[in-house]
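J.: sequence first, predicted model second:
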Amino acid sequence: MKPSAKQFVPFALFALALVLVQSILRATGREYCLTQLTMSLYYAIVVIGLCLVMGYAGQVSLGHGAFFAIGGYTSAVLTTHDFSRFNTTDWAGALRQAHLLVAKDDLYGNQVVTASPWAAFLAAMLATLVIAGLIGYPALRLKGHYLAMATLGFGLIVYKTVLGTALFGAADGINGVPEWNLGFGLTVSGRSALRVENYYIAGTLVMVLLVLLRNLIHSRVGRALQAIHDRETAAGAMGINTAAYKLRAFVLSALLAAMAGAFFTHYTGGIGPSEASAFKSVRYVALAASGGMASLWGVTGMSTLLNYLSLRGLFGSYDNAVFGAILITIVSLAPEGPLKPLGLWMQTMAGKMFGARRVEAAMENK
Amino acid sequence: MENGSLALQYLLSGVTKGSIYAVVAIGFNLIYSATGVLNFAQGEFVMLGGMVAVTLSHFVPLPVAIVGAVLIVAFIGCLLEITFFRKLRRHSVLHLIIITIGLSIVMQEAALHIWDEKVRSLPYFTGNEVSSLKFLGAAISPQVLWVLGTVAVTVVLLHFFLKYTLRGRAMRACSSNPDAAMLAGINIPNMRTLSFGLSAALGALAGCVISPITMTHYEMGAPLAIKGFAAAILGGMGNPMGAVAGGLLVGILEAFAVSRLPAAYNDVAAFVVLLLVLFVRPHGLFGRPGGESVREH
């Protein structure tokens, strides 16, 4: 398929929406809302990744909260834990040469040696790659929905481990995570002076990932995944290695969740055990379902919006119940997501107004 | 002798917990055979059973409270099937599973708001917390006997129900070949409702008998569901009697793991078992690798 100008329209609209929201908030003097929006954008990355597993590979993962936490906690531990007692060893010297370990002063003026945020990020990615592979390999070789249970169990283990381990700060979580200098003069940080910059960092990250995933979905791999989603047996009979494709999709989406976790942790300066809880994982599934599972744009929009409302405290103590109810309602009434029926309805209305030819054109562009 | 009685003590505690996992695993099996859905709300039935029974026991005698709780939860199970799964015949299994995930969260949150986050429990059926029987040097609470007895009787009754009664046979026919069962005049939707009701009732009963020992808490459902699922896989999915063996194995393994590992990691054992079984014998310890049906649900 040749790239045509029309493919860029949604991306341009997304960029426009990002700028528009920021300008409106600035004009109305409510720029503090950008903080929650930035957090929602990072959460949206998890849901976009989940979209790949649910909408394309046809599996449910209830462990994405845990992968988010693995990303966040690995970053947090490595960038706050003091490695200075290894100062004399050769490998510590080598790592410092490579700027993977950095020396700095802590709150009390003592010199500490911690991993640099980039090194911690790479370690988080590596850890996630290995763990997701270990969970996914046995569960995805089987027909049926064993991945959901395996990941639910895995999520509970991560939650309990984080709660019970002093290194992870137990119930308090980890605070004081340093800011992350990305290079190019960009810094992931919760400082209010950098609020607008961070909003755009998160927005750009989401956009870049969407471009990459869109290309993946429209490639050979994406078509294979879709075939698995529709009829796994038939896909296998066509020579698609269903288990390998499902595993790759699962690991990739786990990596996205961990990446979001790492950025989120540097942005908020800390992470707590609730990020790993089963509720969080279910919430990601609910958000993916509410956006229509296989629609990257729907998922991005809905998850940013709903997470934002939840972070603003709109749902009060019924937060989890609201997401559970959203999940049930949307999946039972509109399994393809609420946006698709809405879009069809709008096309029908447009058809009545402009005649049938326009509608056909619109259908083709879909 | 000292070591021996300690091991016996662990074994007994493992069998007690394991028998509850077995009941949850049977519940998974019943619904899975009838509908192909993994019911994530299975653990919630256990929690609800305990909660409702605790509340009822303030007003009526204990046995009546338990019967009442089992009936109410069975009714909720049937209601869930009728409102969601019967209406959504055209949904894929993936969607139905996602709905059960949502149901599990909503039931949990509802329990949190109806009752509260406090831990509750039914009184001991006979005796109290400190009364114990001596058995080969190990101390057993009489409640353990109640749990084992109830589970054993239930499993035997269920076995006879599935094997020898008309309705039970219809249920098995419906799970082995729905189309043929329909042609034979079996009302399949009703059988599916029955499977939900039955597995909710079993869960609620387990929730009642275990309540004095492990307490009832609104968050207890999910860990139970996972361990029950591990037991069901271990016994071979679709094999209710294999589930009993699977449940006991998971329980015993967990009890011995607790004696070796820090408490924070006490759920790790069941999960490792689950993954190992998925790796090595995905068709369970007693099952045979079967052919795959191409029929889409």
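T.: Everything's here; your move.

J.: mind checking pLDDT for the residue of chain A found nearest chain B?
T.: Here chain A gets closest to chain B at one residue, A:Gly164, 2.5 Å apart by Cβ to the nearest Cβ. Any C-beta I mention is one placed from the backbone N, CA and C, and that applies to glycine too. Looking at A:Gly164, its pLDDT reads 78.

J.: so it sits against B:Val268, correct?
T.: No. Contact between A:Gly164 and B:Val268 fails when scored by Cβ atoms under 8 Å: they sit 10.6 Å apart.

J.: which parts of the stretch 101-250 of chain A are strands?
T.: Using DSSP state E, counting those that start in this stretch, the strands of the stretch 101-250 of chain A run over residues A:101-105, A:111-115, A:174-175, A:180-183, A:186-188.

J.: Throw those into TSV and include mean neighbour count and mean pLDDT, thanks.
T.: Shown next, in TSV, are the strands of the stretch 101-250 of chain A (neighbours: other Cβ atoms under 10 Å in any protein chain shown; pLDDT from 0 to 100):
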stretch	mean neighbour count	mean pLDDT
strand A:101-105	14	70
strand A:111-115	18	73
strand A:174-175	18	81
strand A:180-183	16	77
strand A:186-188	19	76
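
J.: B:Met241: which of the ones you listed is closest?
T.: Judged by Cβ to Cβ, the one of the strands of the stretch 101-250 of chain A that comes nearest to B:Met241 is strand A:174-175, at 47.6 Å.

J.: helices and strands around that closest one, which ones?
T.: Secondary structure elements in contact with strand A:174-175, counted by 3 or more Cβ pairs under 8 Å, 6 or more residues apart in numbering or on different chains; DSSP states H and E, are helix A:64-80, strand A:270-271.

J.: as a markdown table, the ones you listed with mean pLDDT would be great.
T.: As requested, these are arranged in a markdown table below (pLDDT from 0 to 100):
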| stretch | mean pLDDT |
| --- | --- |
| helix A:64-80 | 89 |
| strand A:270-271 | 85 |
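
J.: deepest of these, which one?
T.: helix A:64-80 (a mean of 28; mean count of other Cβ atoms under 10 Å in any protein chain shown).

J.: do that helix and chain B meet at all?
T.: No. Under the criterion of Cβ under 8 Å from any Cβ of the partner chain, helix A:64-80 makes no contact with chain B; the nearest approach is 11.9 Å.

J.: ok, back up a step: which stretch among the strands of the stretch 101-250 of chain A comes nearest B:Gly238?
T.: Of all the strands of the stretch 101-250 of chain A, strand A:174-175 sits nearest to B:Gly238, with 44.5 Å by Cβ to Cβ.

J.: which residues does that closest one contact?
T.: Here strand A:174-175 makes contact (Cβ atoms under 8 Å, 6 or more residues apart in numbering or on different chains) with A:73, A:76-77, A:80, A:168-169, A:269-271.

J.: any idea how far A:Ala278 lies from B:Ser104?
T.: As defined by Cβ to Cβ, to the nearest Å, A:Ala278 lies at a distance of 9 Å from B:Ser104.

J.: tell me the contacts of residue 243?
T.: Using chain A here. A:140-141.

J.: not what I meant, chain B
T.: So B:Ala243 contacts B:22, B:25-26, B:28-29, B:231-232, B:235 (Cβ under 8 Å, 6+ apart).

J.: in helices, which of the residues you listed fall?
T.: B:22, B:25-26, B:28-29, B:231-232, B:235 (DSSP state H).

J.: ok, which of these also contact chain A?
T.: Within the ones in helices among the contacts of B:Ala243, nothing lies near chain A by Cβ under 8 Å from any Cβ.

J.: so what's B:Ala65 scoring on pLDDT?
T.: 92.

J.: is it in a helix, a strand, or coil?
T.: Three-state assignment for B:Ala65 (DSSP: H, G, I helix; E, B strand; the rest coil): helix.

J.: is it in contact with B:Met51, as I believe?
T.: No. In this structure, B:Ala65 is not within contact of B:Met51 by Cβ under 8 Å, at 11.4 Å.

J.: neighbour count: those two, which is higher?
T.: B:Met51 (24 against 20; other Cβ atoms under 10 Å in any protein chain shown).

J.: show me what the host helix or strand of the more buried one is packed against.
T.: In this assignment (DSSP states H and E), B:Met51 forms part of helix B:42-56. The helices and strands touching helix B:42-56, judged by 3+ Cβ pairs under 8 Å, 6+ apart, are helix B:2-35, helix B:62-80, helix B:93-114, helix B:188-214, helix B:221-235.

J.: secondary structure class for the residue most central in space within chain A?
T.: In chain A, the centroid-proximal residue (Cα atoms, centre = their mean) is A:Val46; its distance is 1.7 Å. Under three-state DSSP, the three-state class of A:Val46 is helix.

J.: surely it meets A:Ala258?
T.: No. Contact between A:Val46 and A:Ala258 fails when scored by Cβ under 8 Å: they sit 9.1 Å apart.

J.: between those two, what contacts are shared?
T.: By the contact definition Cβ under 8 Å, 6+ apart, A:Val46 and A:Ala258 are jointly contacted by A:67-68.

J.: re earlier: put together CSV for the strands of the stretch 101-250 of chain A, with distance to A:Phe315 on each row.
T.: Below are the strands of the stretch 101-250 of chain A laid out as CSV (distance: least, Cβ to Cβ, whole Å):
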stretch, distance to A:Phe315
strand A:101-105, 40
strand A:111-115, 37
strand A:174-175, 26
strand A:180-183, 30
strand A:186-188, 28
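
J.: any regions of chain B where pLDDT drops low?
T.: B:1-2, B:89, B:129, B:136, B:263-266, B:287-297 (pLDDT under 70).

J.: name the nearest residue to residue 132, sequence neighbours excluded.
T.: Because you didn't say which chain, this covers chain A. Setting aside the residues directly before and after it, A:Ala132 is nearest to A:Ala254 in space (Cβ to Cβ, 6 or more residues apart in numbering or on different chains), at 3.6 Å.

J.: oops, chain B please
T.: Nearest residue to B:Ser132, sequence neighbours excluded (Cβ to Cβ, 6+ apart): B:Ala139, at 4.2 Å.

J.: what about the nearest residue to A:Leu216 once chain neighbours are set aside, how many neighbours?
T.: Leaving aside its sequence neighbours, A:Leu216 sits nearest to A:Gly222 (Cβ to Cβ, 6+ apart; 5.5 Å). Using other Cβ under 10 Å, A:Gly222 is surrounded by 18 other residues.

J.: any chance you could map the helices in the stretch 51-200 of chain A?
T.: Under the criterion DSSP state H, counting those that start in this stretch, the stretch 51-200 of chain A contains helices at A:64-80, A:90-97, A:117-140, A:146-164, A:195-217.

J.: mean pLDDT lowest where, among those helices?
T.: Taking the mean pLDDT of the helices of the stretch 51-200 of chain A, helix A:90-97 comes last: a mean of 69.
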